[in-house]
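Q: everything below, folded, please.
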Amino acid sequence: MGLVIKEIQNDLFDLGADLSTPISKGKQKYPPLRIKQIQIDKLEKKIDYYNADLTALNSFILPGGSEASSLLHLSRTIARRAERDTSLLSSEEEINMKSLTYLNRLSDLLFVLSRVLNEYGLKDILWVPGLNQE
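A: Below is the predicted model of the structure:
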């Protein structure tokens, strides 16, 4: 899983370069670095790969379990916030929409990986509706 995290970290630098470089119609000295479909496809393949061994969910999961899983849950919420901010940016500026898709798929992968680190979902903390209302 360490290699997956390294790949994500590298992609996040690509994403930062993408979002910090305005889209220009004119000729540029150097082609800007943009998130590409292949990066999204790799995330999708990893989601499918890791999700294959997980049991189906019948409840929401509370962030927690192992420390590593908790950190991935935190990372997922940060990715979701970045996705919302990028969506807002796209309403004001032209952006590479693949960057928005990448963030969406990244948050899903982080969720799946958090379940893997919780012993493939066995140590997930399930939400119990109304638990503390009595």
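Q: rest of the way, CA atoms for contacts and neighbours
A: Fine.
Q: and Ala52, how far from Leu113?
A: 12 Å (CA to CA, to the nearest Å).
Q: now do Leu71
A: Using CA to CA, Leu71 is found at 11 Å from Leu113.
Q: neighbour-wise, which of these two wins?
A: Higher neighbour count among Leu71 and Leu113: Leu113, with 23 against 16, using other CA atoms under 10 Å.
Q: check which helix or strand covers the more buried one.
A: Per DSSP states H and E, Leu113 falls inside helix 97-117.
Q: can you give me the buried ones in that helix?
A: Along helix 97-117, these residues count as buried under the neighbour rule (16 or more other CA atoms under 10 Å): 98-100, 102-117.
Q: what pLDDT, on average, does the longest helix seen in the chain get?
A: When the chain is scanned for its longest helix (criterion: DSSP state H), the result is helix 67-92. Helix 67-92 carries an average pLDDT of 97.
Q: got the angle between that helix and helix 97-117?
A: When axes from the mean of the first three to the mean of the last three CA atoms, to 10 degrees is applied, the directions of helix 67-92 and helix 97-117 differ by 160 degrees.
Q: what packs against helix 67-92?
A: Based on contacts counted as 3 or more CA pairs under 8 Å, 6 or more residues apart in numbering; DSSP states H and E, the elements that helix 67-92 packs against are helix 97-117.
Q: show residues contacting the helix or strand just after the helix it packs on.
A: Downstream of helix 97-117, the next assigned helix or strand under DSSP H and E is strand 125-126. Contact with strand 125-126 is made by 59-65, as judged by CA atoms under 8 Å, 6 or more residues apart in numbering.
Q: Serialize these to a markdown table and add fields for distance to Ile38, secondary structure and neighbour count.
A: Output for the contacts of strand 125-126, formatted as a markdown table (distance: CA to CA, whole Å; DSSP: H, G, I helix; E, B strand; the rest coil; neighbours: other CA atoms under 10 Å):
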| residue | distance to Ile38 | secondary structure | neighbour count |
| --- | --- | --- | --- |
| Ser59 | 32 | coil | 11 |
| Phe60 | 30 | coil | 12 |
| Ile61 | 30 | strand | 16 |
| Leu62 | 32 | strand | 13 |
| Pro63 | 30 | coil | 20 |
| Gly64 | 31 | coil | 20 |
| Gly65 | 32 | coil | 21 |
